[in-house]
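# give me a 3D structure for the following:
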Amino acid sequence: AAGVLPPVTGVVLKVVAPCNLDCRYCYVYNGHDATWRDRPAVMDEAMARQVVTRLARHCDTRPGHRIGICLHGGEPLLLGRRRFRRLVEVIREGMGDRLATLNVQTNAVLLDRAWAELFAG
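You can find the predicted model right below:
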């Protein structure tokens, strides 16, 4: 029908603005747009809950619909393991069976055994 938008199937959620690299090709930090300077460096839990609530509501208007979420940055591992774990809990609790996939896009510089154990758990 005219005017009906297709369902959202995937969301890239920028959870951290800063990055631990300074890549020359980076469109955020080495481009002309400097609006990132006026935005929060980290998505706080209240904002994460709002986003999850909206995504869950979107799914609820389409029975059985699920959405995939990719945690992105900057560098999302700069959240630290404790905050990262809490963010994942908020997403999983709020989305329930509406969550199709949950992944992270990272430059992998900070990956170590403790991060691998967090991801495996």
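# could you give the bridge partners of the closest residue to Leu55 other than its chain neighbours?
Leaving aside its chain neighbours, Leu55 sits nearest to Ile67 (5.4 Å; criterion: CB to CB, 6 or more residues apart in numbering). For glycine as for every other residue, the C-beta is placed from the backbone atoms N, C-alpha and C. In this structure, Ile67 bridges to Leu99 when assessed by DSSP bridges.
# just the pLDDT for Ile67.
According to the prediction, Ile67 has pLDDT 98.
# what's near enough to touch Ala94?
Careful, residue 94 is Gly and not Ala. Residues counted as contacts of Gly94 (CB atoms under 8 Å, 6 or more residues apart in numbering) are 49, 52-53, 55-56.
# using CSV, write out the CA atom coordinates for the strand or helix carrying it.
Take DSSP states H and E as the rule and Gly94 turns out to sit in helix 81-95. Provided in CSV are the C-alpha atoms of helix 81-95 (Å, rounded to 0.1, in the frame of the first residue of the first chain):
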residue,chain,number,x,y,z
ARG,A,81,33.9,-4.7,29.6
ARG,A,82,31.5,-3.8,32.5
ARG,A,83,29.6,-1.2,30.6
PHE,A,84,29.6,-3.3,27.4
ARG,A,85,28.2,-6.2,29.3
ARG,A,86,25.5,-4.1,30.8
LEU,A,87,24.6,-2.6,27.4
VAL,A,88,24.2,-6.2,26.0
GLU,A,89,22.0,-7.1,29.0
VAL,A,90,19.8,-4.0,28.4
ILE,A,91,19.4,-5.0,24.7
ARG,A,92,18.7,-8.7,25.3
GLU,A,93,16.2,-8.0,28.1
GLY,A,94,14.4,-5.3,26.2
MET,A,95,14.3,-7.0,22.9
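# alright, that wraps it up for me.
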